[in-house]
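**Student:** With the input below, show me the fold.
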Amino acid sequence: MKSPKVFGIGFHKTATTSLATALRLLGYRVTGPNGVRDPDIARTARPLAFRLAERFDAFQDNPWPILYRELDQRYPGSRFVLTVRPSEEWIRSVVHHFGAETTPMRRWIYGAGAPLGNETAFLARYERHNREVQEHFRDRPADLLVLRITAGEGWERLCPFLGDPVPEAPFPHVNAAAARDAGPRDAGPRDAGSMTPSD
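**Tutor:** Coordinates of the predicted model:
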């Protein structure tokens with residue numbers, strides 16, 4: 001097992017699949033997304049996350065961003081990676097990708113299960129999350145990396161933050177074209193701990 005643990009706490013559609021692929025290349029055992037279609041996710045997210053955190057080194061996509069405070073307290077010394085992209089680009093991608101489809105996970109996070117028709121609520125929640133994360137780690141810059149993968153950032157920022165050597169392989173920009181035009185669903189490898197489709 002790698003140490004310390006790495007929690008990807010950027011919202012979905014911020015290149016979370018690229019981050020997961022990069023962490024796997026660095027030797028981390030990665031899980032996520034988890035519990036996306038659990039109808040009781042608001043109640044089960046924490047026990048689910050704490051069980052998985054004992055089995056894996058790194059975590060990404062939902063529900064991990066929502067639990068960063070608890071994870072920070074429970075796993076001191078961990079590293080947190082906040083993947084971000086411009087707000088308007090993000091909401092276009094979310095609406096294109098999820099449309100009118102509702103999931104319990106999104107209902108828990110945003111108060112509405114589908115982004116289509118709820119763009120203002122989704123965007124406000126996304127922006128609030130990014131502000132609150134940066135405020136939480138304001139006095140601990142060594143514990144948080146804000147990473148803009150869709151803008152081309154990669155190994156040169158991630159590896160020094162984690163204390164890992166830069167691999168010879170190029171940084172994996174999974175669905176880079178889709179990121180530019182809010183294209184189809186990210187696809188990437190999944191671990192045994194990733195029991196649900198990406199959200």
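
**Student:** can you tell me the helix or strand for the residue of the chain most remote from its centre?
**Tutor:** No residue in the chain sits farther from the centre than Glu168, which is 24.3 Å out by C-alpha atoms, centre = their mean. Under DSSP states H and E, no helix or strand contains Glu168.

**Student:** next one: Phe7
**Tutor:** Element membership of Phe7, judged by DSSP H and E, is strand 6-8.

**Student:** Which residues belonging to the next helix or strand after that strand are considered buried?
**Tutor:** Per DSSP H and E, strand 6-8 leads on to helix 16-25 as the next helix or strand towards the C-terminus. Neighbour-count burial for helix 16-25 flags 16-24 (criterion: 16 or more other C-beta atoms under 10 Å). Every C-beta, even on glycine, is put in place using the N, C-alpha and C of the backbone.

**Student:** Now flag whichever of these is closest to Pro115.
**Tutor:** Nearest to Pro115 among the buried residues of helix 16-25: Thr16, at 16.1 Å, using C-beta to C-beta.

**Student:** rewinding a little: in its sheet, what does the strand holding Phe7 sit against?
**Tutor:** Each strand paired with strand 6-8, and its direction, by DSSP bridges: strand 58-59 (parallel), strand 79-83 (parallel).

**Student:** Show the average pLDDT along it.
**Tutor:** Strand 6-8 carries an average pLDDT of 98.

**Student:** Please apply the same query to stretch 159-175.
**Tutor:** Here the average pLDDT along stretch 159-175 is 93.

**Student:** just the CA coordinates of that stretch, formatted as CSV?
**Tutor:** Only the C-alpha atoms of stretch 159-175 are listed here, as CSV (Å, rounded to 0.1, in the frame of the first residue of the first chain):
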residue,chain,number,x,y,z
CYS,A,159,4.3,14.4,-8.8
PRO,A,160,6.1,17.0,-6.6
PHE,A,161,3.0,17.3,-4.5
LEU,A,162,2.9,13.6,-3.9
GLY,A,163,6.6,13.1,-3.6
ASP,A,164,6.6,10.7,-6.6
PRO,A,165,9.1,10.6,-9.5
VAL,A,166,7.7,11.8,-12.8
PRO,A,167,7.0,8.7,-15.1
GLU,A,168,8.3,8.5,-18.6
ALA,A,169,4.7,8.0,-19.9
PRO,A,170,2.8,11.2,-20.9
PHE,A,171,0.1,12.4,-18.5
PRO,A,172,-3.1,10.6,-19.3
HIS,A,173,-5.7,13.1,-20.6
VAL,A,174,-8.6,10.7,-20.8
ASN,A,175,-11.2,12.0,-23.2
